[in-house]
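> Okay, predicted coordinates and the sequence, questions at the end:
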Amino acid sequence: MLNVIWGSMIIIGIVYGALTGHMAEVTNAALDSSREAVNLCITMIGVMALWMGLMEIAEKAGLIDKWTKAISPFVSFMFPDIPKDHMARKYISTNIIANVLGLGWACTPAGLKAMEELARLEAERGNPEYRMPDSGRKRAASNEMCVFLILNISSLQLIPVNMIAYRSQYGSVNPAVIIAPAILATAVSTVAAVIFCKAKDRRRRA
């Protein structure tokens, strides 16, 4: 759907520029935007490499395991139906930690693995839709999947790495000034997500 939206906007812009005699401006804008996109990607690659490296160091130093144990009560509170020894808990914890640190790139692989493990958990519970992945049937998301997705979207961020990098790239005098507002905004969104998920879960169990 997004491809259709963006493709339509680009076509409409080109057609409008041609009809109004502004094709030169459209061409210049396309070239400038392409150059800017490449520069931004190079900047973000450096930031990503730095923080991914720090995450790798933290994992080898045992910090990730310690943080995982520290947030274990929260994971149990949000996902009471997931067995404590299930691999889904590990991937969910890793995803939450990466999100809190603002490492969107690092949390994606863990998030995908968590979804795979949650699907495997549904198959272990005897859900026939998850026993036949190649049957062509549409599978509804489980309760744990929905809760995980909501937490992933609303996650608290202590260090909004992406926003700091973007602000630095575009010449902000103080790129890190966004930290306090980001913590406040994501804290509110996380609290709202927790309340929403628990309210829906209580209604489901009633």
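Perfect, thanks for sending it.

> just checking, what's the longest helix in the chain?
Longest helix in the chain, counting residues (DSSP state H): helix 23-60.

> domain ranges for the chain?
When the chain is parsed with automatic domain parsing, its domains come out as 1-44, 62-205.

> mean confidence score for the longest one?
In this case it means domain 62-205. Averaged over domain 62-205, pLDDT sits at 81.

> got it, and the shortest one?
Along domain 1-44, the predicted confidence averages to a pLDDT of 82.

> end-to-end on it?
One end of domain 1-44 sits 26 Å from the other (CA to CA, to the nearest Å).

> Just name the most buried of the domains of the chain.
Burial of these is given as mean neighbour count (mean count of other CB atoms under 10 Å); domain 62-205 ranks first at a mean of 16. Placement of C-beta: from N, CA and C, glycine included.

> hmm, back to that, distance from the longest helix of the chain to the middle of the chain?
Its chain's C-alpha centre and that of helix 23-60 lie 18 Å apart, by CA atoms, centre = their mean, to the nearest Å.

> Show me what that helix is packed against.
For helix 23-60, the elements it packs on are helix 2-19, helix 104-124, helix 161-169, judged by 3 or more CB pairs under 8 Å, 6 or more residues apart in numbering; DSSP states H and E.

> Tell me which helix or strand Phe77 sits in.
Under the criterion DSSP states H and E, the helix or strand holding Phe77 is helix 72-78.

> list the helices and strands that helix packs on?
Contact analysis of helix 72-78 by 3+ CB pairs under 8 Å, 6+ apart lists helix 87-100, helix 179-205 as its packing neighbours.
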